[in-house]
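*Asks:* Next come a sequence and a model predicted from it.
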Amino acid sequence: DVKDTLRRSWAMTLERPDAHSLELHAVCSVSELYFDVKKMLRSYQVNVTLDPDTAHRELILSEDRRQVTRGCPQENLDNSSKRFSILPCILGCEGFISGKHYFEVDVGEGTGWDLGVCLDSVHRDVGLMQKPQSGFWAIRLCKKKGYLALTCPITSLSLVEQPLVVGIFLDCDVGLVSFYNMTTGSHIFTFPKASFSDTVRPYFRVYQHSPLFLPPPD
């Protein structure tokens, strides 16, 4: 029902990392609301590429380092301490220590993924639970449990529509990490404010038959 959608949208508030709230005022249509959300978030958009030095052996990167898929283990990789050795994960090349940043991940119709950010210092040679206490701020899609926020305990998420593109908004200065369904322009989840003790980097866990793509900024 479009009227109900608009009514919910009018009440929607997006937190801005500068400690001020940016309220989305009533707009004439759902498409205009989507445009406003998209425009605000993309004003902070950064170019994110994948870091091959951190990639688990089962992860295969495209030449431009924007797409990652999961396949057979690669044997010709070094045993770098930077590399995830237990979980099929990879980090973005970029690291953030201050300011506001936003990037998008095209998840398509994949059936499983983890997306978010983590501290550069997280352990990569053990199967840690991805939670803020371990240095991870991420959401997950899995076949059995659906959409989850990786809090402690885990938070189940009820999404009305499947996101094909997920937006991730980070404010290092106030410890804010938020997620948006950019297919609809709607808010998915915001973690409780944190205090980052290290450089923050984009984080991805890749599942079988569910490639991830990082589109360049417009």
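*Replies:* Great, that's in hand. Numbering: from 1, shown residues only.
*Asks:* show me where pLDDT drops low in this protein?
*Replies:* 1-34 (pLDDT under 70).
*Asks:* How many residues are close by V160?
*Replies:* 9 (other CB atoms under 10 Å). Where you see a C-beta, it was placed from the backbone N, CA and C, and this is true even at glycine.
*Asks:* Provide the secondary structure category for it.
*Replies:* Look at V160: counting by DSSP: H, G, I helix; E, B strand; the rest coil, its state is coil.
*Asks:* measure it to N181 for me?
*Replies:* Taking CB to CB, to the nearest Å as the measure, V160 falls 9 Å from N181.
*Asks:* State the helix or strand in which the nearest residue to Q74 once chain neighbours are set aside lies.
*Replies:* In space, not counting the residues next to it along the chain, Q74 is nearest to R57; the distance is 5.1 Å by CB to CB, 6 or more residues apart in numbering. Counting by DSSP states H and E, there is no helix or strand that carries R57.
*Asks:* Please verify my assumption that R57 contacts L77.
*Replies:* Yes: contact criterion CB atoms under 8 Å: R57 and L77 qualify, at 5.7 Å.
*Asks:* hmm, back to that, so who does the residue nearest to Q74 touch?
*Replies:* P73, Q74, E75, L77, R83, S85 (CB atoms under 8 Å, 6 or more residues apart in numbering).
*Asks:* right, and the last one touches H56 too?
*Replies:* Read that as S85. Yes: the pair S85 / H56 is scored as a contact, 7.1 Å apart, by CB under 8 Å.
*Asks:* So those two - more neighbours on which side?
*Replies:* Legend: neighbour count by other CB under 10 Å for S85 and H56, higher for H56 (21 against 15).
*Asks:* All set, thanks.
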